[in-house]
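Chemist: Sequence and computational prediction follow.
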Amino acid sequence: MRRVLLGGVTALVVLFTVAPLIVLVFSSFDDGKFFRFPPREFSMRWFEAAFASVEYRSSLLNSAVVAVVATLISVVLGTAAALGLQRTALRSRAALEMVLLAPLTLPLVIWAIALLQIYSWLGVGGTFWGLALAHATFTLPFSVRVMLATLSAIEPGLELAARSLGARPWRAFARITLPLALPGIATSAALSFFISFNDVIVSTFIAGSSWMTFPVRLYSQLRGQGIDPTTLAIGTMIIASILIVVALTELFNRKASRA
Amino acid sequence: MSAYLSIRNVAKTYGRSIALNRIEMDVCRGEFLALLGPSGSGKTTLLRILSGLLDADHGEITLEGRNISRTPAWERDIGLVFQNYALFPHMDVRTNVGFGLEMRRIRGSEAARRIDEALDTVSMLEFGSRMPSELSGGQQQRIAIARAIAIKPRLLLLDEPLSNLDAVLRQSVRVELRELHDRTGLTTIMVTHDQVEALTLSDRVALMECGEVLQIGSPEDLYQRPASAFAASFLGSPPANLLPVTPVGVPGEFKIGEMPWKPAGSVAEILARLTHPANIALRPETLSLSENHLPGSIPGKLKAVEYMGGERLAHVEIFDEGGPIVLVRTAAEIPEPGTKVFVVPTVITGLYDTENGFEVCRLD
Amino acid sequence: MKRPGPKHYLLAPGVLLVSCVFLAPFLLLVVLSFWTQPEGTLLVEPSLTVENYLRIFSDPYYLRGLARTIWLSFATVFFSLLLGFPAAYWIVRRAVRLRRIVMALMLLPMVCGALLPTLGLVNILSPLGIINGSLKQLGLIDRSIPLLGTQTGILIGLIQAFLPLMVLPLVAVMERLPLALEEAAMSLGARPPQVWWRVVMPLAAPGIVAGSVLVFCAALTSFVTPQILGQGKIATFAAMTWQQASLVLDWPFASALAMVMLLIMAALACMVLGFRRLNWVRP
């Protein structure tokens, strides 16, 4: 009885967490201009509309470019910081870790309000680089955490063994630690990319009309006119690409752990 | 006489692997029984089934004449001392010990008296207000025992009670555990993989392997008359030598492997009963070494000698190069390695079927 | 003085980025909230006045918004705990093969951002949506129950968005609890509810506290979900802040509003530090 109850609550939690996404996917195939339940005809028209729309395409492209740059910065700095943390004495380590993970613990809305004002004084408000730097900052802690977990799972003796066999430190790192850390790097890149790509909280404050990302456009549209079914189709494609990337990294990780 | 605890036909499988295969066992009131076996032998599974934390697939467990097979753990009144003690880290010692009483709605002075009593039994009366993290491993174990006996259990179960203690402490706790048992008179079942613990502590030992009880008996019984080749090769340090012996058809003459051997004395008398090939068990401490050929001795070459303090352990390669190694434990002087020696058997510990490992005939 | 070790160059870029781009703005926010912006202009004047704060605490609009937001945040914490605790227990103790999948699904909303799930929720909660649609199909109701634009709708959205923030720390803490503790309690006579109440819950307290704080702070500062599910009819405090910053463009006042949220969270953090002694699990 108790087991059933516990399992039931868990099923409810899982359902609750994923139901909106499932409904989003489901309703993007509905023919109607307004979603209604029970659904009407199956149709791909919103997907056709999504591919035909120029405005959506440009905002999606903006999102992707920002996300790629933010991901590059986040993964490179995050990996370096995790390596540094791993080799730092315990006392200063806790403080440094707290600084690096701060964007995870402090609310982004409050930060965004301050950033908005600073950016406008510096004249980078609404620019590509301002946005990319902000995205790199709040995705950095994800990279740091993933890389810390990855690095701590690597036997520290391995690199020392390589050095004892005559490899210089840099070469030992490149031949031993880096290949073993690749799955972690892939995971943090995927995480950073999608978190940046889907961000609305920070972007809606600091992204102006000059570099409008897809979530910002969608948010202002939702407040104004309600749901355009075309965006449901785009949402479905975003979710599909997330799932594909997750499956690919999983596959890659398994391969790497078997090798 | 009906048993205090009886286990009938208890079996448990995990998927396709058999954890327990039709266990039958009786335990008397006040007895100290050890379940001894290597890891994976099913001893812990049996203990968990007894405690009610695990359900058997079928079979029946009767305690004091009452079938408890379907009774949940919290209604069994069975004290369980965990390998890692499992003290509640957020409660002080007294609350830990009183937890079982609290669950039985025993409160106030009655509870306080019984907590004192339990703590006194393990000589930890003055540690009542400590937190578990402030105690050493040995002290934590005492509290775990006090917690289990405070509920006045009908059965006390100990899961590897000495495995988390250092070697020095282990010996003194061993003595204390036995004293505690004698004082409280609690029927106790202990799970252990350590034969010394089992032999020194318990009234009877149940030797388990692959989900079966191979032999159950007093420590002396088990050691001197192992009922199977497994028992002979599990007990003793080092365990018994097992040698394949074949009667050649001529009375009094045998082969060890392919080499002829003519035993003498009581060994010959026992082997006279042998009609088929068998493995004979020879305990290292019952063998002696001689530099001359004596009647019934086996020729060999001394390969190595280990000094064990007081005694020496000789590795003898019998017959030729590549022959089986026989271990001899002796306090006597031993020649240099490389010398030709003779191994003199005086006692046979057991005769076992070469196929199933069980006794060919009972030796008395 | 020890020379900075050769490893510091690895840490410097990351720490510098977070310090300059993330932490420094927080400090500036304190200053900015005391500045003013004269009515009708978009020019910010450096000053040191508590005018912004007085305006927040004298205007019933903001006070009511604050009370509503705090109430919603507490309700979110309550329901997340109610659902999240049994789920976390199940994940730790019962899930064997499903565990990886369930944990991955818990991370999904984080990766999807705030908008995509909200988009789906609109279709679930709307008058023609799944909830009302199926209730009508079953003949339980004739007219749609209003869910969008109500506090209930917002609450459902907040729980949906932040439930993983409760589950993940609970799982992290419960994972470190040896099963033997629960078994010991059972062997001593504790029934399953007593095992939960006396052993699992107290030992999971650090996770409960951590999860509750995370969910509370997230709910307190969320504005995307409440704004869309509330259809602009119900303003939460963070949404008011967003309006001031993005629509009214009164940045000093928005800063003061943000500071109020930050202070509430700081007060909460101080209370939580008092709970530190509950943390038995770590040595």
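Modeler: That came in fine, so what should we check first?
Chemist: how many neighbours does the residue lying closest to B:Pro324 once chain neighbours are set aside have?
Modeler: Spatially, and ignoring its direct neighbours in sequence, B:Pro324 is nearest to B:Ile318 (5.9 Å; C-beta to C-beta, 6 or more residues apart in numbering or on different chains). The C-beta positions use only the backbone N, C-alpha and C, and glycine is treated the same way. Using other C-beta atoms under 10 Å in any protein chain shown, B:Ile318 is surrounded by 21 other residues.
Chemist: if I pick B:Ile318, what's in contact with it?
Modeler: Going by C-beta atoms under 8 Å, 6 or more residues apart in numbering or on different chains, B:Ile318 touches B:Ile256, B:Met259, B:Ile298, B:Pro299, B:Gly300, B:Pro324, B:Ile325, B:Val326, B:Val343.
Chemist: let's see 7 Å
Modeler: If you count contacts by C-beta atoms under 7 Å, 6 or more residues apart in numbering or on different chains, B:Ile318 has them with B:Ile298, B:Pro299, B:Gly300, B:Pro324, B:Val326, B:Val343.
Chemist: In the residues you listed, find the pair that's most separated.
Modeler: Using C-beta to C-beta, the two most remote members of the contacts of B:Ile318 are B:Pro299 and B:Pro324, lying 12.6 Å apart.
Chemist: Check chain B for the residue nearest chain A and tell me.
Modeler: Closest to chain A within chain B is B:Pro72: 11.5 Å, counting by C-beta to the nearest C-beta.
Chemist: Please name the nearest non-neighbouring residue to that residue.
Modeler: Per C-beta to C-beta, 6+ apart, closest to B:Pro72 is B:Gly52, 5.9 Å.
Chemist: returning to that earlier point: dump the contacts of B:Ile318 into TSV; add pLDDT, secondary structure and neighbour count as well.
Modeler: Listed next are the contacts of B:Ile318 as TSV, based on pLDDT from 0 to 100; DSSP: H, G, I helix; E, B strand; the rest coil; neighbours: other C-beta atoms under 10 Å in any protein chain shown:
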residue	pLDDT	secondary structure	neighbour count
B:Ile298	92	strand	24
B:Pro299	91	strand	16
B:Gly300	91	strand	24
B:Pro324	88	coil	17
B:Val326	91	strand	21
B:Val343	93	strand	23
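Chemist: for those, which one is nearest B:Val250?
Modeler: Comparing these against B:Val250 with C-beta to C-beta places B:Ile298 closest, at 17.9 Å.
Chemist: Would you mind confirming that that closest one is in contact with B:Trp261?
Modeler: Yes - using C-beta atoms under 7 Å, B:Ile298 is in contact with B:Trp261, at 6.1 Å.
Chemist: Centroid-nearest residue for chain A?
Modeler: A:Ile195 (2.4 Å; C-alpha atoms, centre = their mean).
Chemist: Quick check: the gap between the residue in the stretch 251-364 of chain B positioned nearest to chain C and C:Cys217.
Modeler: Proximity to chain C, evaluated over the stretch 251-364 of chain B using C-beta to the nearest C-beta, is greatest for B:Gly357 at 35.3 Å. B:Gly357 sits 67 Å away from C:Cys217, going by C-beta to C-beta, to the nearest Å.
Chemist: Please apply the same query to B:Ala150.
Modeler: Separation of B:Ala150 from C:Cys217 (C-beta to C-beta) stands at 44 Å.
Chemist: Please apply the same query to B:Leu53.
Modeler: For B:Leu53, the distance to C:Cys217 (C-beta to C-beta) stands at 40 Å.
Chemist: if you count what's nearby, which of the two comes out ahead?
Modeler: Using other C-beta under 10 Å, the more surrounded residue of B:Leu53 and C:Cys217 is C:Cys217, with 23 against 20.
Chemist: Who are the contact partners of that one?
Modeler: Counting by C-beta under 7 Å, 6+ apart, C:Cys217 touches A:Pro107, C:Met265.
Chemist: wait, is it part of a helix?
Modeler: Yes - applying DSSP: H, G, I helix; E, B strand; the rest coil, one finds C:Cys217 inside a helix.
Chemist: Look at it and report its pLDDT.
Modeler: pLDDT, C:Cys217: 94.
Chemist: What of B:Pro251?
Modeler: For B:Pro251, the pLDDT comes out at 85.
Chemist: Now do the contacts for the residue of the stretch 251-364 of chain B closest to chain C.
Modeler: B:Ser228, B:Ala229, B:Phe230.
Chemist: Top of those residues by number of neighbours, please.
Modeler: Highest neighbour count within these: B:Ala229, with 23 neighbours (other C-beta under 10 Å).
Chemist: Break chain A down into its domains, please.
Modeler: Per automatic domain parsing, the structural domains of chain A span A:1-43, A:44-258.
Chemist: Just read off the phi/psi values of B:Leu35.
Modeler: phi -100, psi 110 (degrees, to the nearest 10).
Chemist: Also the one 4 residues further on?
Modeler: As for B:Ser39, its main-chain torsions (degrees, to the nearest 10) stand at phi -70, psi 140.
Chemist: What's the first helix or strand after the longest helix belonging to chain A?
Modeler: Scanning chain A for the longest helix, with DSSP state H as the assignment, gives helix A:54-86. Sequence-wise, the next helix or strand beyond helix A:54-86 is helix A:90-105, with elements assigned using DSSP states H and E.
Chemist: how many neighbours does whichever residue of the stretch 101-250 of chain B sits closest to chain C have?
Modeler: For the stretch 101-250 of chain B, the residue positioned closest to chain C under C-beta to the nearest C-beta is B:Met103, at a distance of 3.7 Å. B:Met103 is flanked by 19 other residues according to other C-beta under 10 Å.
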